[in-house]
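*Asks:* the sequence isn't on hand, but the structure is:
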């Protein structure tokens, strides 16, 4: 069997062999792990499992560089399990069979196996199903790591047998602790002023591994005076923000933009709009979603909002990037500050439910045309009141199927232009009630 799967520790290095800073600072116990108190604390899931001596299979869900691999390795150490690490990117069915066979032999010899599977979401359904019998009979304790939402990427059967733990991006305080630990390991202070040090932490974007790589570069510089933030940015490239135009971050950020618009916060809406553009999102997608927001969340409270979105979309098509994106930004601010109403949206959904429920009910005969004598004899069009002939242009007739109780779908709000529409709805309702009664 390949050593790739048999060994739980890397091959020994020569004493003077170079080691990356991230490897040198790898925690030796769970107490050394920076951050993730929500899963490692005494009352948190892993803390409770370890104190009770009952560790279950786990799925670690979180961004890169937050400690998924390290925590898995330390869990094996804490529970005296043999640690085996594989990556779904490089592992096929034959390799998995070897891993499971070796784990069975260890189990027969009295030792359990903690199998850490990096990028577990990259395994297909059949491969994921292959873990189930070995999880159920205790051959392996599975710890999977994924940067994607397990609800979408992992089989329900695997999820039912494992607890999902969310690992979070490292915050500024966590990154600062990591930076100080790195300075202690290197025996130097980073040649940065306060502003540059803050900028360095921001460049890591919550990724501890990325921060240590940046620190390793900065610590090697020979400078006469501490660098400023501008000088630092001139020497280092900012780490690209995490964004996948077809993945979960795409949906997270468009949700944040939509809810900021709905919440009438133009600053937050502009921020998420900018985040998506910086991540490489297609401005046309954003133009389409802004138009949908105008229709869904503003509606007739401000009929102009839809026109503003469509005009901004057209302006973008004529100007292109980057100038055309300013027109979309104007639409973002407009829809965020517009009066909000989902009355038409709610009415439309209610009408669809009503249409589905009533099936094939015929319209009342008095509003049907009678182009033939037979239809006229059947009463089509009989008794129809032409609204323009009424003194106030309103006949008050029923336009729903005869067997259907009149519903109230559209209920305008007391905001924006719908305030005027509400008055009209109430006016016609009174006239209708009066004339139906008479």
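*Replies:* Structure's in. What do you need? Being a predicted model, the structure only gives us computed values, none of them experimental.

*Asks:* how far off centre is the helix or strand hosting residue 345?
*Replies:* Element membership for residue 345, per DSSP states H and E: helix 343-358. Relative to its chain's centre, helix 343-358 lies at 29 Å (CA atoms, centre = their mean, to the nearest Å).

*Asks:* tell me which residues in that helix are buried?
*Replies:* Neighbour counts over helix 343-358 (16 or more other CB atoms under 10 Å) mark 343, 344, 347, 348 as buried. Any C-beta I mention is one placed from the backbone N, CA and C, and that applies to glycine too.

*Asks:* which ones are touching the second one?
*Replies:* Under the criterion of CB atoms under 8 Å, 6 or more residues apart in numbering, the neighbours of residue 344 are 299, 300, 410.

*Asks:* top of these by neighbour count?
*Replies:* residue 299 (28 neighbours; other CB atoms under 10 Å).

*Asks:* look up the pLDDT of that one for me, please.
*Replies:* For residue 299, the pLDDT comes out at 95.

*Asks:* before we move on, what about residue 126?
*Replies:* 85.

*Asks:* which SS state does it fall under?
*Replies:* What DSSP: H, G, I helix; E, B strand; the rest coil gives for residue 126 is helix.

*Asks:* and for it, the neighbour number?
*Replies:* Using other CB under 10 Å: residue 126 sits among 9 other residues.

*Asks:* now it, nearest residue through space, not along the chain?
*Replies:* residue 93 (7.9 Å; CB to CB, 6 or more residues apart in numbering).

*Asks:* residues making contact with the helix or strand following the helix holding residue 345?
*Replies:* Using DSSP H and E, the helix or strand that follows helix 343-358 in sequence is helix 373-377. Helix 373-377 is contacted from outside by 368, 369, 370, 381, 382, using CB under 8 Å, 6+ apart.

*Asks:* now the two most distant members of the residues you listed.
*Replies:* Longest distance between any two of the contacts of helix 373-377 is 11.6 Å, between 369 and 382; criterion CB to CB.

*Asks:* residue closest to the middle of this structure?
*Replies:* For the chain, the residue sitting closest to the mean C-alpha position, by CA atoms, centre = their mean, is residue 252 at 2.8 Å.

*Asks:* dump the buried residues of helix 343-358 into CSV; add pLDDT and distance to residue 323 as well.
*Replies:* As requested, the buried residues of helix 343-358 are exported to CSV (pLDDT from 0 to 100; distance: CB to CB, whole Å):
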residue, pLDDT, distance to residue 323
343, 94, 36
344, 95, 33
347, 94, 39
348, 93, 36
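
*Asks:* could I get these in JSON lines, plus columns for distance to residue 400?
*Replies:* Output for the buried residues of helix 343-358, formatted as JSON lines (distance: CB to CB, whole Å):
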{"residue": "343", "distance to residue 400": "20"}
{"residue": "344", "distance to residue 400": "19"}
{"residue": "347", "distance to residue 400": "14"}
{"residue": "348", "distance to residue 400": "16"}
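
*Asks:* which two of those residues have the greatest separation?
*Replies:* 343 and 348 (9.6 Å).

*Asks:* contacting residues for residue 386?
*Replies:* residue 395.

*Asks:* for residue 57, same thing?
*Replies:* Per CB under 8 Å, 6+ apart, neighbours of residue 57: 135, 141, 142, 143, 161, 162, 163.

*Asks:* now the strands for the stretch 51-200 of the chain?
*Replies:* 58-61, 82-87, 113-118, 141-146, 163-166 (DSSP state E, counting those that start in this stretch).

*Asks:* dump those to JSON lines, plus mean pLDDT.
*Replies:* Shown next, in JSON lines, are those (pLDDT from 0 to 100):
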{"stretch": "strand 58-61", "mean pLDDT": "94"}
{"stretch": "strand 82-87", "mean pLDDT": "94"}
{"stretch": "strand 113-118", "mean pLDDT": "95"}
{"stretch": "strand 141-146", "mean pLDDT": "94"}
{"stretch": "strand 163-166", "mean pLDDT": "93"}
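
*Asks:* any idea how far residue 28 lies from residue 74?
*Replies:* 8 Å (CB to CB, to the nearest Å).

*Asks:* ok, residue 189 next?
*Replies:* 29 Å.

*Asks:* compare those two (neighbour count), which wins?
*Replies:* residue 74 (22 against 11).

*Asks:* skip the chain neighbours and tell me the closest residue to that one.
*Replies:* Residue 74 sits nearest to residue 30 (CB to CB, 6+ apart), 4.9 Å away.

*Asks:* state the number of residues packed around residue 426.
*Replies:* Other residues close to residue 426 by other CB under 10 Å number 11.

*Asks:* now the helix or strand containing it: average pLDDT?
*Replies:* Assigned by DSSP H and E, residue 426 belongs to helix 418-437. Regarding helix 418-437, the rounded mean pLDDT is 89.

*Asks:* report the angle between that helix and helix 343-358.
*Replies:* On the basis of axes from the mean of the first three to the mean of the last three CA atoms, to 10 degrees, helix 418-437 is oriented at 40 degrees to helix 343-358.

*Asks:* can you give me how far helix 418-437 is from the chain middle?
*Replies:* With CA atoms, centre = their mean, you get 44 Å for helix 418-437.

*Asks:* can you give me the buried ones in that helix?
*Replies:* Buried residues in helix 418-437 (16+ other CB under 10 Å): 418, 421, 422, 432.

*Asks:* equivalent analysis for stretch 380-388, please.
*Replies:* In stretch 380-388, counting by 16+ other CB under 10 Å, buried: 380, 384.

*Asks:* measure it end to end?
*Replies:* 20 Å (CA to CA, to the nearest Å).

*Asks:* likewise for stretch 273-285?
*Replies:* 11 Å.

*Asks:* distance from the chain centre to that stretch, please.
*Replies:* For stretch 273-285, the distance to the chain centre is 15 Å (CA atoms, centre = their mean).

*Asks:* the nearest residue to residue 73 once chain neighbours are set aside: neighbour count?
*Replies:* In this structure, residue 73 finds its nearest non-sequential neighbour in residue 83, 5.6 Å apart by CB to CB, 6+ apart. When neighbours are counted by other CB under 10 Å, residue 83 registers 19.

*Asks:* next: residue 92.
*Replies:* 10.

*Asks:* one more: the one 4 residues further on?
*Replies:* For residue 96, the number of neighbouring residues by other CB under 10 Å comes to 20.

*Asks:* surely it is in contact with residue 129?
*Replies:* No - counting by CB atoms under 8 Å, residue 96 does not reach residue 129; the two are 11.0 Å apart.

*Asks:* helices along the stretch 151-300 of the chain, start to end?
*Replies:* 156-160, 172-186, 194-204, 208-219, 229-235, 248-262, 266-278, 283-293 (DSSP state H, counting those that start in this stretch).

*Asks:* elements contacting the third one?
*Replies:* Contact analysis of helix 194-204 by 3 or more CB pairs under 8 Å, 6 or more residues apart in numbering; DSSP states H and E lists helix 172-186, helix 208-219, helix 229-235 as its packing neighbours.
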